[in-house]
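> sequence below, structure please.
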Amino acid sequence: MDAPQLRVAYEKYFPIIRAKCARMLSDPEEAADVAQETFIRLWQSAMAEKTPEQLSAWIYKTATRAAIDRLRHRGRQRMLSQRAAIHSHGGGSGT
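Residues are numbered from 1 along each chain as shown. Below is the predicted model:
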């Protein structure tokens, strides 16, 4: 994707994607990171020959998947933190 096409897509979709991710993640900073990551992936992809409908679908799908990945990562981190807390307080069974 060339720079002018990317700029147009960014200006059109970035605010929408950032808001969507903010609702999913409940964290405006993390939402901006995910939205930015989406457009980096767009820049790296071969989307130049796609129709506007295909492009918007790709952007929404990619952003949604990235946000879900962040939520899964949070869940794993929370689980690991809880396990560490249990073991540090002597609550582990030792097996």
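
> buried residues, the strand or helix carrying Ala84. List them.
Using DSSP states H and E, Ala84 falls within helix 52-88. For helix 52-88, burial by neighbour count (16 or more other Cβ atoms under 10 Å) applies to Leu55, Trp58, Ile59, Thr62, Ala63, Thr64, Ala66, Ala67, Arg70. For the C-beta atoms, the positions are set from N, CA and C on the backbone; glycine is no exception.

> just for the chain, where's the confidence low?
With pLDDT under 70 as the threshold, the chain has low-confidence stretches at 48, 91-95.

> again, only this time at 90
In the prediction, the chain carries residues with pLDDT under 90 at positions 1-6, 43-52, 74-95.

> just to revisit the earlier point, and the helix holding Ala84, what does it pack onto?
helix 3-25, helix 28-44 (3 or more Cβ pairs under 8 Å, 6 or more residues apart in numbering; DSSP states H and E).

> chain center to the longest one: distance?
Spelled out, it's helix 3-25. 12 Å (Cα atoms, centre = their mean, to the nearest Å).

> that one vs helix 52-88, what angle?
Angle, helix 3-25 to helix 52-88, by axes from the mean of the first three to the mean of the last three Cα atoms, to 10 degrees: 40 degrees.
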